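Undergrad: I need the structure of the sequence given here:
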Amino acid sequence: MKKIMITAAAAVLCLCSCGNSVGSESSNKFSKDYEKAFIDYVETYNSFDAAKEMKYLYLDSLIDQLNDDQRKTIEDTLRDDYDEFRSLIKKYGEDARLEIKDIQSEPLDAEALSAAKYFLCADYSMDSLKCDENSVSVSEGYEITADASYSGSSEKNTQTQACMAYVEGDGWKIFDGWTSEQLRKACKAKKSAETEGAAK
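TA: Next up is the predicted model:
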């Protein structure tokens, strides 16, 4: 299985969080469901909660099919990201954190929503997992950019990028580090490759 991300480094940058202050600040400021979900996802890096992070990256139906070895492989990959996060943020001090200040969003268009649906089911045959794309209903989605600032650092401002898709009966899923344009282009490229492969 693959975690949807551009690079590990980009993911670590996107997944920094601000500890308890994120939750206390966002409880009033970030009131939309997808904003709350994004903050909750960010919080998995604070608590190093791989099982919870998986819920935002994979469909529940796929998680339920994982055997012990597959689950361990995914959780080990996520923990590697946590280790990289620790090493990066320590340059701002032992108690440094990244505080989410604001979230800007744009709705995903129909093509990007279709690409999100496609990627939620793509590439799992190699893991002997079954995913029926026709049974997955993506009702809404957003491309978000979150403004953030580091505590304990003169490097005060940064941004994180992600796309979010709401799966009916399953909840919000995160495509960390992706823009809607990247989702659309990656989906077209992959489907084109699949068509060429089938024709050979």
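
Undergrad: which strand runs longest in this protein?
TA: strand 138-150 (DSSP state E).

Undergrad: what residues sit buried inside it?
TA: 138, 141-144, 146, 148, 150 (16 or more other Cβ atoms under 10 Å). No exception for glycine: its C-beta is placed from N, CA and C like everyone else's.

Undergrad: what strand or helix carries the residue nearest to Lys130 when sequence neighbours are not counted?
TA: Leaving aside its sequence neighbours, Lys130 sits nearest to Gln65 (Cβ to Cβ, 6 or more residues apart in numbering; 6.8 Å). For Gln65, there is no enclosing helix or strand under DSSP states H and E.

Undergrad: please tell me I have it right and Gln65 contacts Arg71.
TA: No: Gln65 is beyond contact range of Arg71, at 10.1 Å (criterion: Cβ atoms under 8 Å).

Undergrad: does Gln159 touch Ala146 like I think?
TA: Yes: the criterion here is Cβ under 8 Å, and Gln159 meets it with Ala146 at 6.6 Å.

Undergrad: for Asp170, what are its contacts?
TA: Residues near Asp170 by Cβ atoms under 8 Å, 6 or more residues apart in numbering: 59-61.

Undergrad: and stretch 54-71, C-alpha only, in PDB?
TA: Extracted in PDB, the C-alpha atoms of stretch 54-71 (Å, rounded to 0.1, in the frame of the first residue of the first chain):
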ATOM      1  CA  MET A  54      -4.500   5.700   8.700                       C
ATOM      2  CA  LYS A  55      -8.300   6.500   9.000                       C
ATOM      3  CA  TYR A  56      -7.600   9.800   7.100                       C
ATOM      4  CA  LEU A  57      -5.500   8.100   4.400                       C
ATOM      5  CA  TYR A  58      -7.300   4.900   3.600                       C
ATOM      6  CA  LEU A  59     -10.900   3.800   3.200                       C
ATOM      7  CA  ASP A  60     -12.300   1.900   6.200                       C
ATOM      8  CA  SER A  61     -13.100  -1.000   3.900                       C
ATOM      9  CA  LEU A  62      -9.400  -1.400   3.000                       C
ATOM     10  CA  ILE A  63      -8.200  -1.000   6.600                       C
ATOM     11  CA  ASP A  64     -10.600  -3.800   7.600                       C
ATOM     12  CA  GLN A  65      -8.900  -6.100   5.100                       C
ATOM     13  CA  LEU A  66      -5.400  -5.500   6.300                       C
ATOM     14  CA  ASN A  67      -3.500  -8.500   7.800                       C
ATOM     15  CA  ASP A  68      -1.100  -8.000  10.600                       C
ATOM     16  CA  ASP A  69       1.900  -7.700   8.300                       C
ATOM     17  CA  GLN A  70       0.300  -5.100   6.000                       C
ATOM     18  CA  ARG A  71      -0.900  -3.100   9.000                       C
END
